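Novice: test case, fold it:
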Amino acid sequence: MSSDVRKICKLDEVVINRIAAGEVVQRPCNAIKELIENSIDAGSTSITVCVDDGGLKCLQISDNGHGIRKDDLGIVCERFTTSKLKTFSDLRSIATHGFRGEALASISHVSNLSIQTRTSSEKCAWLCNYLDGKPVSKKEGCTSDPRPIAGNVGTTITAEDLFYNMATRRRALNGRDEMNKIAHVISCYALHNAHIAFTLRKQGDNTPKVKTAPTEDRTRTVSSLYGPVLAKELLPFTCDDKKFGFRSTGLLTNANYGGKSFRFVLFINGRLVESTGAKRAFEAVYSSVLPKNSYPFVYLSLEIDPGNVDVNVHPTKNEVHFLHEEAILAGIQAKAQQTLYSSTSSRNYYTQAKLPCVDVSKEVKEARGNKENSAPYDYQLVRTDVNQQKLDIFLSDNKPAGTLPNKNPTIPTLSDKPGPSRLGDTDKPGPSRSEDQQQTSDEERVPVYLTSVLQLQEDICKARHEGATDMFRESTFVGAVNEKLALVQVLTKLYLMDYGRLSRALVYQKVVFDFRNMPVFRLSEGACIREMALLALGQSESGWREDHGPKEELADLTVRLLVSKREMLSDYFSLEITEKGILTGLPVVIDNYPPLLQRLPMFLLRLSTEVDWDSERGCFEGLSREIARFYTLTEPVEGDPNIRDWKFTLENVLWPQIRTVYIPDETVTTDGTVLQIADLHNLYKVFERC
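Specialist: Below you'll find the predicted structure:
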């Protein structure tokens with residue numbers, strides 16, 4: 001049996017070095033990390049990395065640091081050769097990133113390494129090739145000594161065929177994955193060293209994968225690396241404690257940001273490290289703030305007395321140990337929690353302008369079909385009884401309904417008895433606008449043969465969006481949120497709608513389709529157009545400046561223009577103006593929907609400045625849009641006597657018209673007019689996980 005016992009022997013130095021190299025340089029990103037730290041120690045202000053196949057074929061890093069002396073090139077790749085320390089006691093106060101002198105040695109044992117360097121005192125750069133820690137000649141018969149070469153001050157290190165002598169490890173590594181890991185390492189060092197310009201480029205590509213400019217504002221670096229959406233949600237924080245001898249600075253995202261994974265970047269005394277305890281501390285901070293499956297971004301730079309840090313505990317220096325770890329992390333956690341909670345008094349909720357287009361009509365058909373099929377699932381049940389209580393019943397309204405006093409005697413009021421209506425508005429939905437808009441009443445409509453008007457009507461019909469139309473037809477009004485937004489239910493989905501935009505679009509379409517067929521609201525007192533124009537010119541909205549001319553002259557021009565067009569305005573748009581420039585009537589676009597007369601001065605002024613009077617189509621379109629602007633529904637201005645209650649008007653007058661008559665186009669799905677904020681099906685999924 002004794003003959004089977006193997007003899008203990010000393011390993012060859014080459015084997016020892018390769019084993020050690022495999023521990024220090026486990027993958028290309030470890031080599032990049034070591035070389036970046038050397039470049040930072042060299043005082044570089046610009047670092048460029050170029051890789052091929054994730055660094056496996058070629059890995060090159062260039063900097064503009066102080067370089068390496070020519071005399072040191074002979075031993076620079078030997079193990080335990082360093083300029084950072086001389087005795088073991090120096091480890092207690094080490095302030096540089098590198099200190100063991102193993103990085104270049106390890107890389108030279110697993111690749112074909114070359115170093116090009118130049119110091120500021122030398123006239124040329126020097127190039128030297130290395131293999132297994134020793135200088136070698138690239139060509140047979142040539143010397144292995146450094147060769148002179150043209151180059152800038154700084155150092156360029158190139159490692160080719162990484163792990164060429166470790167076939168198993170080489171096969172286990174994937175170039176694409178390694179590229180992403182290298183990008184992560186460079187991004188972390190670029191974030192921490194914002195004053196240094198970093199560039200990562202794949203060999204053969206002109207567009208860099210990572211690129212930052214030197215700056216004193218670390219938030220700008222975050223924006224370059226991770227995008228402006230993350231950068232604008234950052235909160236800076238600092239924490240220091242003289243008792244435990246540490247100071248920390250960092251950036252963390254507020255409660256408005258939620259990423260797909262936890263991005264935690266930790267630097268201790270300038271070294272990129274990992275700390276399970278620190279990561280758990282921040283996870284605990286955000287656990288009560290962010291919803292499930294949402295994660296924050298945290299950058300933390302921790303400066304501790306070097307004498308309290310043990311940096312020599314991991315071959316890749318990926319971990320460090322330090323004294324009073326629990327107390328330090330508890331202090332940082334408390335400060336981060338205080339910073340985060342102080343910023344969550346108000347939170348923003350970003351929604352996507354989401355309208356599923358054709359899917360809406362598809363859902364409508366499916367919902368109708370389910371009535372005849374088997375019982376639907378719970379998340380398909382739709383409750384839209386219009387007799388149920390609305391949202392307003394739960395809200396207090398401090399504004400009494402009824403007539404508001406008219407505090408401005410200059411603004412006229414509408415007569416209680418408008419002219420006879422020729423509109424045939426109805427609450428019954430129709431399949432197309434042509435049917436909706438061509439409804440007739442007892443009084444016969446005046447036919448329209450003007451080509452420009454017919455083209456405007458045709459443009460509206462052609463722009464019709466089927467999915468949006470079905471959505472409005474199936475909608476149920478829930479309640480007004482504020483003076484701009486309202487909630488509307490469509491089947492199992494809840495939408496937030498900008499009824500200001502919708503009312504303007506609706507009135508524009510009504511004016512175009514009811515061309516020459518709008519009745520007249522008689523003003524109780526005629527409005528002097530000149531006085532109205534002077535009032536409008538006194539408002540900042542008019543944009544009047546002294547170089548535009550005297551206000552009186554501009555007001556007179558407005559009067560002359562509108563008086564000269566009064567017959568056309570009366571016949572086509574029911575705007576009645578006397579020869580003396582007195583406005584006596586306004587169009588009835590929608591029954592029981594008068595305009596806010598506080599806007600009348602600006603309306604009359606814009607008729608003279610914003611309408612293209614030289615073109616027939618441009619004139620009719622411009623007049624229709626200005627009338628729509630005048631009739632846009634908003635919360636009434638105090639002092640206007642002509643709207644009883646804007647919420648009542650929205651629900652009972654305007655919304656039935658939007659639901660049955662309005663022709664939506666594709667823009668409502670993209671410009672934020674309609675926003676989906678909840679889906680019953682998805683809510684069921686959320687509550688099932690809780």
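
Novice: so the residue nearest to Ala42 when sequence neighbours are not counted versus Ile40, what's the distance?
Specialist: Take Ala42 and drop its neighbours on the chain: the residue closest to it by Cβ to Cβ, 6 or more residues apart in numbering is Gly65, 2.8 Å away. In this view, the C-beta of every residue, glycine as well, is placed from N, C-alpha and C. As for Gly65, its distance to Ile40 is 8 Å (criterion: Cβ to Cβ, to the nearest Å).

Novice: can you check Ser615 too?
Specialist: As judged by Cβ to Cβ, Ser615 and Ile40 stand 66 Å apart.

Novice: in stretch 613-623, what's buried?
Specialist: Buried residues in stretch 613-623, defined by neighbour count with 16 or more other Cβ atoms under 10 Å: 619-623.

Novice: same check on stretch 172-182?
Specialist: For stretch 172-182, the buried set under the neighbour-count rule, 16+ other Cβ under 10 Å, comprises 173, 178-179, 181-182.

Novice: for those residues, which one is nearest Ala463?
Specialist: Nearest to Ala463 among the buried residues of stretch 172-182, counting by Cβ to Cβ, is Met179 at 46.5 Å.

Novice: any idea which element the closest one lies in?
Specialist: Assigned by DSSP states H and E, Met179 falls within helix 175-192.

Novice: could you do Asp556 as well?
Specialist: helix 551-564.

Novice: what does that helix contact?
Specialist: With Cβ atoms under 8 Å, 6 or more residues apart in numbering as the test, helix 551-564 has contacts from 529-530, 533-534, 537-538, 544, 548, 569, 577, 579, 581, 604-605, 607-608, 613.

Novice: tell me how far the residue nearest the centre of the chain lies from Asn256.
Specialist: Nearest to the mean C-alpha position of the chain, counting by Cα atoms, centre = their mean, stands Val229 at 4.3 Å. Note on Val229: its distance to Asn256, by Cβ to Cβ, is 10 Å.

Novice: next: Ile36.
Specialist: Going from Ile36 to Asn256 by Cβ to Cβ gives 33 Å.

Novice: more crowded one of the two?
Specialist: Neighbours of Ile36 and Asn256, each counted by other Cβ atoms under 10 Å, are more numerous for Ile36; the result is 25 against 16.

Novice: which SS state does that one fall under?
Specialist: With DSSP: H, G, I helix; E, B strand; the rest coil as the basis, Ile36 sits in helix.

Novice: where does the nearest residue to it once chain neighbours are set aside land on pLDDT?
Specialist: Of all residues not flanking Ile36 in the chain, Tyr189 sits nearest, at 5.3 Å (Cβ to Cβ, 6+ apart). Looking at Tyr189, its pLDDT reads 95.

Novice: doesn't His195 make contact with Tyr189?
Specialist: No - taking contacts as Cβ atoms under 8 Å, Tyr189 lies outside contact range of His195: 11.7 Å.

Novice: and those two? which has more neighbours close in?
Specialist: Tyr189 (24 against 11).

Novice: wait, what's in contact with that one?
Specialist: Tyr189 touches 33, 36, 40, 198, 272, counting by Cβ under 8 Å, 6+ apart.

Novice: which of the residues you listed fall in strands?
Specialist: 198, 272 (DSSP state E).

Novice: wait, a helix at the residue nearest to the centre of the chain?
Specialist: Yes - Val229: assigned to a helix according to three-state DSSP.

Novice: residues in contact with it?
Specialist: The neighbourhood of Val229, defined by Cβ under 8 Å, 6+ apart, consists of Tyr257.

Novice: would you put the C-alpha positions of the helix holding Asp556 in CSV?
Specialist: Extracted in CSV, the C-alpha atoms of helix 551-564 (Å, rounded to 0.1, in the frame of the first residue of the first chain):
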residue,chain,number,x,y,z
LYS,A,551,-53.9,99.8,-29.0
GLU,A,552,-56.6,102.1,-30.3
GLU,A,553,-55.4,101.7,-33.9
LEU,A,554,-55.3,98.0,-33.6
ALA,A,555,-58.8,98.0,-32.0
ASP,A,556,-60.1,100.1,-34.9
LEU,A,557,-58.6,97.7,-37.4
THR,A,558,-60.4,94.8,-35.7
VAL,A,559,-63.7,96.7,-35.9
ARG,A,560,-63.3,97.5,-39.6
LEU,A,561,-62.4,94.0,-40.5
LEU,A,562,-65.2,92.3,-38.7
VAL,A,563,-67.8,94.8,-39.9
SER,A,564,-66.7,94.3,-43.5
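
Novice: tell me how far stretch 215-222 lies from the chain's centre.
Specialist: Remark: stretch 215-222 is offset 18 Å from the chain centroid, using Cα atoms, centre = their mean, to the nearest Å.

Novice: report the buried residues of that stretch.
Specialist: For stretch 215-222, a neighbour-count test (16+ other Cβ under 10 Å) marks 218-219, 221-222 as buried.

Novice: so for it, mean pLDDT?
Specialist: For stretch 215-222, mean pLDDT is 92.

Novice: what's next to that stretch, contact-wise?
Specialist: Outside stretch 215-222, the residues that reach it (Cβ under 8 Å, 6+ apart) are 190-191, 194-195, 212-213, 230-231, 234, 251, 299.

Novice: show me where pLDDT drops low in the chain?
Specialist: 1-3, 8, 10-24, 80-101, 310-319, 344-443, 634-645, 682-690 (pLDDT under 70).

Novice: tell me which residues touch the closest residue to Thr45 other than its chain neighbours, please.
Specialist: Leaving aside its sequence neighbours, Thr45 sits nearest to Ile196 (Cβ to Cβ, 6+ apart; 5.7 Å). Ile196 sits next to 40, 44-47, 190, 214 when contact means Cβ under 8 Å, 6+ apart.

Novice: filter those down to the buried ones, PyMOL style.
Specialist: In PyMOL, this line selects whichever of the contacts of Ile196 come out buried by 16+ other Cβ under 10 Å:
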select buried, resi 40+44+46+47+190
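
Novice: got the contacts of Ile196 as TSV, with secondary structure and distance to Leu127 columns?
Specialist: Converted to TSV, the contacts of Ile196 look like this (DSSP: H, G, I helix; E, B strand; the rest coil; distance: Cβ to Cβ, whole Å):
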residue	secondary structure	distance to Leu127
Ile40	helix	23
Ser44	coil	19
Thr45	coil	23
Ser46	strand	20
Ile47	strand	20
Ala190	helix	28
Pro214	coil	28
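
Novice: closest to Asp679 out of the contacts of Ile196?
Specialist: Set against Asp679, the nearest of the contacts of Ile196 by Cβ to Cβ is Ala190 (39.8 Å).

Novice: surely that closest one touches Val210?
Specialist: Yes - under the criterion of Cβ under 8 Å, Ala190 makes contact with Val210 at 6.8 Å.

Novice: strand partners of the helix or strand Leu302 falls within, parallel vs antiparallel please.
Specialist: Leu302 is located in strand 297-304, with elements delineated by DSSP H and E. In the sheet, strand 297-304 lines up against strand 246-253 (antiparallel), strand 263-268 (parallel) (DSSP bridges).

Novice: and the helix holding Met179 with strand 246-253, angle?
Specialist: 120 degrees (axes from the mean of the first three to the mean of the last three Cα atoms, to 10 degrees).

Novice: confirm Arg445 sits in a helix?
Specialist: No - if the criterion is three-state DSSP, then Arg445 is coil and not within a helix.

Novice: so the residue lying closest to Asp612 once chain neighbours are set aside, which of the three states?
Specialist: In space, not counting the residues next to it along the chain, Asp612 is nearest to Gly618; the distance is 3.4 Å by Cβ to Cβ, 6+ apart. Reduced to three states with three-state DSSP, the structure at Gly618 is helix.
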